[in-house]
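Chemist: compute the structure for the input listed below.
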Amino acid sequence: MAALDQKSPNVLLQSLCCRITGKSEAEVAHQFQYAVRVIGSNYAPTIERDEFLVSEKIKKELMKQRREADAVRFSELHRKLQTQGVLKQKWSVLYLLLSLCEDPRKPSSRVGSYSALFAQPLPRDAHSTPFYCTRPQSLPLSYPERGVTQNNTSMGTSGISSLGVYSLNGPTPTPQSLLVGHQVAGDASRGARLAWALPITASPPGAAAPTSRAPVGPLAPASRVTPRHRREGDGSAEIGEAALVRDILYVFQGIDGKFIKMSASENCYKIDTKVPLCKSLRDLSSRLAELGWLHNKVRKYTDSRSLDRAFGLVGQSFCASLHQELKEYYRLLSVLHSQLQVEEDQGVTLGGESTLTLRRLLVWTYDPKVRLKTLAALVDFCQGRKGGELASAVHAYGKTGDPNMRALVQHILSLVSHPILNFLYRWIYDGELEDTYHEFFVASDPTVKTDRLWHDKYSLRKSMIPSFITMDQCRKVLLIGKSINFLHQVCQDRTPTGKILPASKAADSPKDATELFTDMEGAFQEKIDAAYFETSKYLLDVLNKNYLLLEHLQAMRRYLLLGQGDFIRHLMDLLKPELARPATTLYQHNLTGILETAVRATNAQFDSPEILKRLDVRLLEVSPGDTGWDVFSLDYHVEGPIATVFTRECMGHYLRVFNFLWRAKRMEYILTDIWKGQMCNAKLLKSMPELSGELHQCHILASEMVHFIHQMQYYVTFEVLECSWDELWNKVQQAQDLDHIIAAHEVFLDTVITRCLLDTNNRSLLNQLRAIFDQIIEFQTTQDSLYRSALEELQLRLQFEERKKQRQDEGEWGVTEEQEAAENKRTQEFQDFHAKMRSELRILSYSYQGIVQQFLVLLMTSTDESLQFLSFRLDFNEHYKARDPRLRASLGTSRGRRSSYM
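Modeler: Okay, the predicted model is just below:
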């Protein structure tokens with residue numbers, strides 16, 4: 001056993017302290033305790049080995065010191081270092097350089113001697129394990145005298161150990177009485193107001209001054225077996241209250257006592273039923289033992305989570321706050337142990353005014369028990385949570401009417417929310433997301449490429465949004481950091497963040513975090529709004545000035561939505577011969593040359609070269625039987641930052657709308673040619689009265705088609721494009737961030753797609769409209785054939801009459817029998833063709849009116865009122881209404897019917 005004792009960790013650690021300080025075992029008690037606390041602390045490095053991140057920090061540090069030349073030099077040297085394989089630990093070297101760069105600006109942490117080193121208290125953020133283990137047997141025990149204790153009373157604030165009004169903003173720092181060079185005795189060494197509240201029996205006159213602080217934890221049971229007095233004359237050997245008090249103090253720390261032990265089956269501390277004990281003492285002991293069970297619950301959670309790095313910084317902060325509360329609880333136990341030891345050493349009689357009894361323990365531990373109950377309930381509520389979700393759970397548990405409990409939870413929340421505040425500040429002021437354990441509510445996807453950075457790389461992790469931060473604030477926080485990264489990575493804008501945003505603290509203390517998060521509508525909202533408005537304004541200025549975002553938007557309107565009328569008309573005139581050919585015979589370079597000719601001949605030539613160089617020709621996929629009109633399309637190339645607004649999906653929508661508008665424009669172009677043909681041939685064909693009926697029918701059908709196309713053009717151009725464009729432009733001018741512009745642009749395209757009948761809900765309407773367009777093209781072909789045959793017949797008749805007159809002038813017969821027979825045969829063939837054309841025109845007219853009638857019925861049954869009004873304009877003289885009863889329902893009737901259903 002002696003050999004084992006000499007090799008135990010406690011003895012070895014004590015020997016190390018003696019050798020370092022050069023003092024005896026009795027004089028190194030404080031240093032030994034400090035060493036135990038350091039060894040038991042849970043320091044966990046959270047530095048990620050990212051070489052690029054460390055190099056960026058070094059450059060940023062040099063820029064802060066206005067050493068731009070050194071920063072450039074460092075970048076060049078680092079680039080050369082990366083190309084060489086001499087150093088294997090490049091990150092370590094860079095981190096050393098960063099540490100050396102930062103050290104001169106920090107207070108020196110060196111100590112002059114080992115004694116001074118041991119005298120320093122642990123940092124406030126150290127997750128230290130309170131010292132409750134068994135101390136080496138060689139350390140002497142001594143306790144302060146009553147007089148010294150009363151004179152050096154400390155009124156330091158505490159949490160669990162205070163019996164009166166508690167200061168719930170966290171425990172006080174290590175008392176000065178624990179440092180080397182100060183008097184160890186006194187109540188300040190106990191760290192609680194209970195020390196002077198508990199009466200202590202006067203020491204004998206010759207008592208020596210203490211030389212060491214009493215240990216926080218209890219002694220081993222074998223070393224503290226001082227028996228307490230039992231009732232005299234009791235032959236049943238009943239357990240005395242003094243023995244129960246000693247056991248209870250062990251139970252308070254989660255250690256089984258001699259009589260009170262943990263029952264694994266019932267999960268509670270119980271006194272063996274075989275132990276002779278009166279019912280009152282058994283009940284009091286059970287009530288006091290609950291404190292030990294609560295301690296075990298909290299302690300088990302902190303022990304299991306403190307070393308779990310995956311628990312994250314927020315979880316470690318939560319464990320640190322629980323450790324602080326437990327430390328206050330251990331201070332109370334230290335005072336109680338000291339009081340009990342003084343009573344045993346001085347032989348205090350049980351029942352005196354200053355003795356520890358179960359009832360007094362019940363009173364003194366009432367408030368600590370309430371606090372431990374709160375902590376245990378909070379631990380249960382926070383099981384399985386981490387990051388922002390853990391902060392939300394702590395915040396939700398603070399919604400109580402008990403001011404003490406609310407203050408306790410608020411103090412814990414201040415520590416828990418401090419890492420979140422650091423994450424938030426790094427994100428909104430530097431655009432950096434150092435979230436190794438995925439605790440922050442902003443998530444990053446490293447697999448996303450730069451061209452999709454704005455849309456897909458950063459998103460909100462909704463499960464990690466703290467409940468005390470609103471969704472609007474989260475959206476602004478996301479946009480701030482996303483804008484900074486977009487400027488740096490996509491826009492290649494290297495403007496320092498300090499010139500974009502107002503100066504702010506890089507990090508706040510937990511107290512500042514509490515004040516900030518408790519005033520969500522005030523200081524916190526002001527910080528977020530200021531960063532949001534400044535960052536978004538700067539980003540929009542860069543996009544508009546450097547990348548001409550608004551000019552590109554207007555170019556889309558002019559060219560892809562046919563807003564540049566003179567250019568579109570001239571382009572159609574130039575393209576007509578080419579597009580009339582089969583689609584397989586077209587070449588893109590020929591069409592591109594025609595496009596450039598149209599640009600130079602119209603007002604489009606005055607546009608910016610940056611815009612004109614993006615305008616191009618595109619040929620769609622060719623299907624059998626397609627002509628050039630079916631596959632031709634204009635295209636607009638976008639890349640760089642503006643591609644964030646004009647995405648592939650948006651350009652696909654523009655292409656669909658252009659094809660629809662181009663087809664409708666072609667119909668207008670065709671009807672113009674039809675009208676020209678009718679006007680030019682009207683006088684020529686007056687000499688052929690047999691064609692008057694067909695020509696009249698052509699004029700009527702052409703007028704119907706012109707009316708239909710004009711009304712459709714008016715609807716698309718003014719009610720759809722112009723109105724939607726005006727709304728888009730107003731929203732873009734009022735936009736506060738890039739997301740607003742993107743959203744307004746998407747709404748604009750969706751509205752145009754829907755009202756141009758290009759969505760899935762209006763597919764039947766679009767099919768009917770395309771059928772009408774096909775009827776117009778067929779009518780053009782039929783009329784051209786009619787005019788061509790009629791003009792040929794007229795020419796032949798004129799030639800026949802001219803030959804006949806010439807022969808008569810020569811004194812011969814005007815015609816011979818063979819010539820007359822041939823003329824009659826030709827005339828009969830024309831009559832047959834004429835009858836065929838008449839039937840074709842009749843069928844075409846009937847078919848056209850049937851399709852238009854079906855189109856009007858679909859318009860009337862549409863839920864869009866603008867389409868219903870279009871049906872009234874198309875049937876302005878109620879011609880189709882008289883033919884179809886379904887068209888006789890008025891708009892007011894249909895609206896009333898829908899409202900009654902609603």
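
Chemist: which pLDDT value goes with D884?
Modeler: Per-residue confidence (pLDDT) for D884: 77.

Chemist: repeat that for the one 4 residues further on.
Modeler: R888 is assigned 73 on the pLDDT scale.

Chemist: the spatially closest residue to R656 that is not a sequence neighbour in helix, strand or coil?
Modeler: Leaving aside its chain neighbours, R656 sits nearest to L758 (5.5 Å; criterion: CB to CB, 6 or more residues apart in numbering). Where C-beta positions appear, they are placed from N, C-alpha and C, glycine not excepted. Put simply, L758 is coil when judged by DSSP: H, G, I helix; E, B strand; the rest coil.

Chemist: so who does L758 touch?
Modeler: Neighbouring residues of L758 by CB atoms under 8 Å, 6 or more residues apart in numbering: 656-657, 660, 766.

Chemist: make a ChimeraX selection of the buried ones in those residues.
Modeler: Buried residues within the contacts of L758, by 16 or more other CB atoms under 10 Å, are selected in ChimeraX with:
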select :656,657,660,766
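
Chemist: what are the phi and psi values at the residue nearest to R656?
Modeler: Backbone torsions of L758, given as degrees, to the nearest 10, read phi -100, psi 0.

Chemist: and it, how far is that from V720?
Modeler: According to CB to CB, to the nearest Å, L758 stands 11 Å off from V720.

Chemist: got a list of what the closest residue to A735 other than its chain neighbours touches?
Modeler: Nearest non-adjacent residue to A735, counting by CB to CB, 6+ apart: I741, 4.7 Å away. Taking CB under 8 Å, 6+ apart, we find I741 in contact with 540, 549, 645, 731-732, 735.

Chemist: could you list the low-pLDDT ranges of the stretch 201-350 of the chain?
Modeler: Counting by pLDDT under 70, the stretch 201-350 of the chain shows low-confidence ranges at 201-238, 347-350.

Chemist: where does the residue lying closest to D616 once chain neighbours are set aside land in three-state SS?
Modeler: Distances taken as CB to CB, 6+ apart place D635 nearest to D616, at 4.6 Å, with adjacent residues excluded. Taking three-state DSSP as the rule, one finds D635 in the strand state.

Chemist: right, and D635 touches R618 too?
Modeler: Yes. The pair D635 / R618 is scored as a contact, 3.9 Å apart, by CB atoms under 8 Å.

Chemist: could you pull out the buried residues of stretch 845-857?
Modeler: For stretch 845-857, a neighbour-count test (16+ other CB under 10 Å) marks 845, 848-849, 851-857 as buried.

Chemist: cool, stretch 717-727 as well?
Modeler: Across stretch 717-727, burial judged by 16+ other CB under 10 Å covers 717, 720-721, 724-725.

Chemist: same list (the residues you listed) but as JSON lines, adding pLDDT.
Modeler: Below are those laid out as JSON lines (pLDDT from 0 to 100):
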{"residue": "T717", "pLDDT": "93"}
{"residue": "V720", "pLDDT": "95"}
{"residue": "L721", "pLDDT": "95"}
{"residue": "S724", "pLDDT": "96"}
{"residue": "W725", "pLDDT": "96"}
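
Chemist: tell me which of these is nearest to L87?
Modeler: The closest of these to L87 turns out to be W725 (CB to CB; 59.5 Å).

Chemist: any idea how far Q14 is from the closest one?
Modeler: 84 Å.

Chemist: and what of I39?
Modeler: Separation of I39 from Q14 (CB to CB): 12 Å.

Chemist: quick one: which of those two has more around it?
Modeler: Per other CB atoms under 10 Å, whichever of I39 and Q14 has more neighbours is Q14, with 22 against 11.

Chemist: from what I can see the more buried one touches F32, true?
Modeler: Yes. At 5.3 Å, Q14 counts as touching F32 under the criterion of CB under 8 Å.

Chemist: show me where pLDDT drops low in the stretch 801-902 of the chain?
Modeler: 814, 889-902.

Chemist: which residues in it form helices?
Modeler: 817-860, 865-874, 879-883, 891-901 (DSSP state H, counting those that start in this stretch).

Chemist: tell me which residues touch the spatially closest residue to L655 that is not a sequence neighbour, please.
Modeler: In space, L655 comes closest to S633 once its chain neighbours are excluded; the distance is 6.2 Å by CB to CB, 6+ apart. Listed by CB under 8 Å, 6+ apart, the contact partners of S633 are 617-620, 655, 658-659, 662.

Chemist: quick one: which of the residues you listed has the most company?
Modeler: Among the contacts of S633, F658 has the most neighbours (other CB under 10 Å), with 22 neighbours.

Chemist: and the pLDDT at the closest residue to G431 other than its chain neighbours?
Modeler: Spatial nearest neighbour of G431, chain neighbours left out: I484 (3.2 Å); criterion: CB to CB, 6+ apart. In this model, I484 is scored at 93, pLDDT.

Chemist: got the buried residues for the helix or strand I484 falls within?
Modeler: Element membership for I484, per DSSP states H and E: helix 471-489. Neighbour-count burial for helix 471-489 flags 473-474, 476-487 (criterion: 16+ other CB under 10 Å).

Chemist: any chance of those residues in a markdown table, plus distance to T495?
Modeler: Output for those, formatted as a markdown table (distance: CB to CB, whole Å):
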| residue | distance to T495 |
| --- | --- |
| Q473 | 25 |
| C474 | 26 |
| K476 | 21 |
| V477 | 21 |
| L478 | 21 |
| L479 | 18 |
| I480 | 15 |
| G481 | 16 |
| K482 | 16 |
| S483 | 12 |
| I484 | 10 |
| N485 | 13 |
| F486 | 13 |
| L487 | 7 |
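
Chemist: how close does the residue nearest to A735 sit to L728?
Modeler: As defined by CB to CB, I741 lies at a distance of 9 Å from L728.

Chemist: next one: I674
Modeler: Using CB to CB, I674 is found at 36 Å from L728.

Chemist: swap in S785?
Modeler: From S785 across to L728, the span is 46 Å (CB to CB).

Chemist: same question for L859.
Modeler: 26 Å.

Chemist: which of the buried residues of helix 471-489 sits closest to E266?
Modeler: C474 (45.6 Å).

Chemist: quick one: classify the closest residue to R49 other than its chain neighbours as helix, strand or coil.
Modeler: Closest residue to R49 apart from its sequence neighbours, by CB to CB, 6+ apart: W91 at 5.0 Å. Taking three-state DSSP as the rule, one finds W91 in the helix state.

Chemist: E432 too?
Modeler: coil.

Chemist: for it, phi and psi?
Modeler: phi -100, psi 140.
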